[in-house]
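Colleague: just to be clear, the model below is a prediction. Sequence and coordinates:
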Amino acid sequence: MREREELAVCGIFRLVLRCVPYPAYMNVFDDSLSLVVDDCWSNWLKHGRDGGNAILRDHVAIQTKAFAEKVLSVVEHPPKTMLDIGSGDGLMAWAALALWPHLKVTITDISPALLMQAKAEATKRGVVSQCSFVLANAETLHSIADDSQDLIVSRSTIAYVADKPAAFNAVLRVLKPGGTMSIAEPFFREQAHSAILLKQASKDMSSPLLALLYRWKAAQFIEPLDASQPNVLTNYTEQDLLSFAYQAGFHALHLELHLDERQAPPRDWKTFCAMSPHPLAPSSGEILATRFSSKERAMLEAAIRPNIEKGEFSMVSRMIYLHGRKPAH
Ligand SMILES: C[S@@+](CC[C@H](N)C(=O)[O-])C[C@H]1O[C@@H](n2cnc3c(N)ncnc32)[C@H](O)[C@@H]1O
């Protein structure tokens, strides 16, 4: 019961943090501000994506490094300046600096906690003098100068931006003429779609278990996080990203949709409950504790726990890779 209450309080706290807009004046990140608290973004990168499990953490690190290398592999000439949108803990920056050791990197994010973490990591790696840390929303990149960057990258960030066309306009504005944009974004719409199919199947088959699975998946992929806003996770397809980029003025666009089915690594139940599939989703533990009765929890756990612990289920990663250039004139 106590654990349930803690999870519920934690859920409410996360919701409150999600709703607090960062002050508009904090465009250039000032880490002397002492009031830097963890938010849903930093919490997810630190714990939510691997549940605090060291083996899964290594697994995620290998996978994300491969995503970053693919984003950078399209760059034809070594850039002098690169801006990363939604840098998180710095994945793209460290991968780029490994390729181009003299690169100047602008690390941007809406999360002060993550900017601080990235700055600490840059210091540890001895590259802090090559990096600047800017609090900036992808929709405007408002404190970044026009025509200032050779390369703009982003990994798993535009997916969470409400006004995606605005983000592509901002990228075009900030790129130098002839500069390159390269991004990799997850594609969540399929998950929302499979939740809807579960709902239908639960009715057709009168299956209480499928109805529970539907409620669980819907909590993570369908329910709008803020009822007054469109669901940022489902308001785009790969075609949309391509046309937003085209309409912004990019050319030589190339898009690849990668669907990779893999056996999930085994994980204990506690780890599974601490994990969520993306930063805006409640963890499985929060869902079980706050949205299911004890009878429903027991039914769901009995049905899925053995497969999760043995790693006997498969996962499909859906990643959209898109790159293009700003016209030279
Ligand atoms: C899933 S994390 C990815 C972090 C990093 N790019 C990586 O690949 O590890 C999403 C990142 O996007 C940032 N983010 C979310 N919404 C944003 C927005 N509107 N503008 C800029 N960054 C945003 C979050 O703070 C977080 O760092």
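Modeller: Structure received.
Colleague: only C-alpha atoms from now on, for both contacts and neighbour counts.
Modeller: Fine.
Colleague: which parts of this structure are helices?
Modeller: With DSSP state H applied, the chain shows helices at 2-19, 40-43, 54-72, 91-99, 112-125, 164-174, 189-204, 208-221, 238-248, 269-274, 284-291, 294-310, listed in chain order.
Colleague: who touches the last one?
Modeller: Where contact means Cα atoms under 8 Å, 6 or more residues apart in numbering, the residues beyond helix 294-310 that reach it are 209, 212-213, 266-269, 272, 288, 313.
Colleague: at 10 Å what do you get?
Modeller: By Cα atoms under 10 Å, 6 or more residues apart in numbering, the surrounding residues in contact with helix 294-310 are 208-210, 212-213, 216, 264-269, 271-272, 287-289, 291-293, 311-314.
Colleague: narrow these to just the buried residues.
Modeller: With neighbours counted using 16 or more other Cα atoms under 10 Å, the contacts of helix 294-310 contain these buried positions: 210, 212-213, 216, 264-267, 269, 271-272, 287-289, 291-292.
Colleague: these two touch, right, residue 162 and residue 139?
Modeller: Yes - with contact defined as Cα atoms under 10 Å, residue 162 counts as touching residue 139 (8.2 Å).
Colleague: any weak-confidence spans in the stretch 1-150 of the chain?
Modeller: Under the criterion pLDDT under 70, the flagged ranges of the stretch 1-150 of the chain are 1-34.
Colleague: how about the residues of it near the ligand?
Modeller: Within the stretch 1-150 of the chain, the residues that sit near the ligand (Cα under 6 Å from any ligand atom) are 41, 85-88, 91, 109-111, 136-138.
Colleague: how about a markdown table for these, with neighbour count added?
Modeller: Written out in a markdown table, the entries for those read as follows (neighbours: other Cα atoms under 10 Å):
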| residue | neighbour count |
| --- | --- |
| 41 | 23 |
| 85 | 27 |
| 86 | 27 |
| 87 | 25 |
| 88 | 27 |
| 91 | 19 |
| 109 | 25 |
| 110 | 22 |
| 111 | 25 |
| 136 | 25 |
| 137 | 21 |
| 138 | 27 |
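Colleague: in a markdown table: the residues you listed, plus distance to residue 153.
Modeller: Supplementary listing: these in a markdown table, determined by distance: Cα to Cα, whole Å:
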| residue | distance to residue 153 |
| --- | --- |
| 41 | 18 |
| 85 | 6 |
| 86 | 9 |
| 87 | 9 |
| 88 | 13 |
| 91 | 11 |
| 109 | 13 |
| 110 | 16 |
| 111 | 17 |
| 136 | 14 |
| 137 | 14 |
| 138 | 11 |
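Colleague: nearest to residue 166, of the residues you listed?
Modeller: Sorting these by distance to residue 166 puts residue 138 at the head of the list, at 8.1 Å, by Cα to Cα.
Colleague: rewinding a little: just the ones of the residues of the stretch 1-150 of the chain next to the ligand in strands?
Modeller: Filtering those for membership in strands, criterion DSSP state E, returns 85, 109.
Colleague: separation between the residue lying farthest from the centre of the chain and the ligand?
Modeller: Largest separation from the mean C-alpha position in the chain: residue 206, at 35.3 Å (Cα atoms, centre = their mean). Taking Cα to the nearest ligand atom, to the nearest Å as the measure, residue 206 and the ligand are separated by 36 Å.
Colleague: please name the bridge partners of residue 257.
Modeller: With DSSP bridges as the criterion, residue 257 is bridged to residue 320.
Colleague: which residues does it contact?
Modeller: Residue 257 is in contact with 184-187, 238-239, 318-322, counting by Cα under 10 Å, 6+ apart.
Colleague: ok, now residue 292?
Modeller: 212, 215-216, 286, 298, 300.
Colleague: which of the helices of the chain sits most buried?
Modeller: Each of these was assessed for mean neighbour count using mean count of other Cα atoms under 10 Å. The highest is helix 164-174, with a mean of 22.
Colleague: pLDDT-wise, what's the bottom of the contacts of residue 257?
Modeller: For these, the least confident position by pLDDT is residue 187, scoring 92.
Colleague: leaving out sequence neighbours, find the closest residue to that one.
Modeller: With Cα to Cα, 6 or more residues apart in numbering as the measure, residue 318 is the residue that lies nearest to residue 187, at 5.5 Å, once sequence neighbours are left out.
Colleague: one more: residue 271?
Modeller: Closest to residue 271 by Cα to Cα, 6+ apart is residue 51, at 4.7 Å.
Colleague: burial check on the one you found, number of neighbours?
Modeller: Other residues lying near residue 51 total 22 when counted by other Cα atoms under 10 Å.
Colleague: pretty sure it contacts residue 278?
Modeller: No - Residue 51 lies out of contact with residue 278 (Cα under 10 Å); the separation is 12.0 Å.
Colleague: so what sits against both of those two?
Modeller: Residues touching both residue 51 and residue 278 comprise 44-45, with contact defined as Cα under 10 Å, 6+ apart.
Colleague: I figured residue 244 hits residue 169, correct?
Modeller: Yes - using Cα under 10 Å as the test, residue 244 is close enough to residue 169 to be in contact (8.4 Å).
Colleague: what touches both of those two?
Modeller: Common neighbours of residue 244 and residue 169 are listed as residue 250 (criterion: Cα under 10 Å, 6+ apart).
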